[in-house]
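Asks: When you get a sec, could you give me coordinates for this:
(one chain, ligands or ions: 1)
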Amino acid sequence: MGLGRSAAVVIGSFPLGESDRVVTFYTRDFGKVRGVAKASRRIRSRFSGALELFTLGELVFFDGGRSELVQVDHFDIVRPFAHLREDLERLGRAAWIVECVSRLTAEHDRHAALYGLLVRSLRALEGPTPPARVAVCFGVRGLDALGHRPRLDACTVCGRAYPFRHAALGAGGLVCEACARSETGLVLISGAAVTAFERLRLARWEEALAAPLGRSEVELGALLDLQMSRLIGQPTRSAKFLRELKRLEPTAGGRP
Ligand SMILES: [Zn+2]
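Replies: Sure, this is the predicted structure:
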């Protein structure tokens, strides 16, 4: 296909050989793209720090068509999102967001809505909104964008209309109490969390970031991580990091 050019976010990388790096980008025009950035680990590399995680830039790559990996020609920084790497809570939430994008998308599968959501979420994480809220807003809309919106208006097993008492959440959506007895892998979801979920899904982005959610926010955060983990097929690595962070900083989660 030759030369490609697109706005892109760095969503992962690992070293290759002595001086190269394999970088995963989520691009606006091509979806997920993995490429080799030659000599990017040398001190006088032409990429000079541009390939840091979360960096938004203009990517130019060459796709020879013979390998899954493209060749990264240029990556010019548009916005480095450097603050996300300076604060562990922001870092953890941003890492969760890019992990979901990275692990739930196929290469070269363009998805402009998901790209827009990713950039909007990283931008919000640099702002005054608490990082946990940004992650929840990303999660609700990310499931939508990925085509995995859970059904919240009826039991996904018997079709009984919601509301019902003691709702549980399965991979596809709500399950009523009667059906939940014969299903496995369900978790309870409170009525307040169901309401908050719908509210965040329908609200405009800025409204969703600011909407008062009370204790539903923590519940939703855990449920969204569970849904993402189900889709990925294993627990998210970044959620584990966040849990360890909370243990190290006992005051972080306990402030009134
Ligand atoms: Zn049912």
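
Asks: tell me which element residue 10 is part of?
Replies: For residue 10, the host element (DSSP states H and E) is strand 2-16.

Asks: measure the closest residue to residue 174 other than its chain neighbours to residue 151 for me?
Replies: Excluding the flanking residues, the one nearest residue 174 by Cβ to Cβ, 6 or more residues apart in numbering is residue 167, at 5.0 Å. Placement of C-beta: from N, CA and C, glycine included. Counting by Cβ to Cβ, to the nearest Å, the gap from residue 167 to residue 151 is 11 Å.

Asks: now do residue 71
Replies: The spacing between residue 71 and residue 151, counted by Cβ to Cβ, is 43 Å.

Asks: Please apply the same query to residue 29.
Replies: Taking Cβ to Cβ, one finds residue 29 at 32 Å from residue 151.

Asks: same deal with residue 38?
Replies: In this view, residue 38 and residue 151 are 47 Å apart by Cβ to Cβ.

Asks: Comparing those two, which residue is more hemmed in?
Replies: residue 38 (18 against 14; other Cβ atoms under 10 Å).

Asks: Please name the residues that touch the more buried one.
Replies: Residue 38 makes contact with 19, 20, 71, 72, according to Cβ atoms under 8 Å, 6 or more residues apart in numbering.

Asks: now those residues as a markdown table including secondary structure, distance to residue 201 and pLDDT?
Replies: Formatted as a markdown table, those follow (DSSP: H, G, I helix; E, B strand; the rest coil; distance: Cβ to Cβ, whole Å; pLDDT from 0 to 100):
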| residue | secondary structure | distance to residue 201 | pLDDT |
| --- | --- | --- | --- |
| 19 | coil | 45 | 92 |
| 20 | strand | 42 | 94 |
| 71 | strand | 40 | 96 |
| 72 | strand | 36 | 97 |
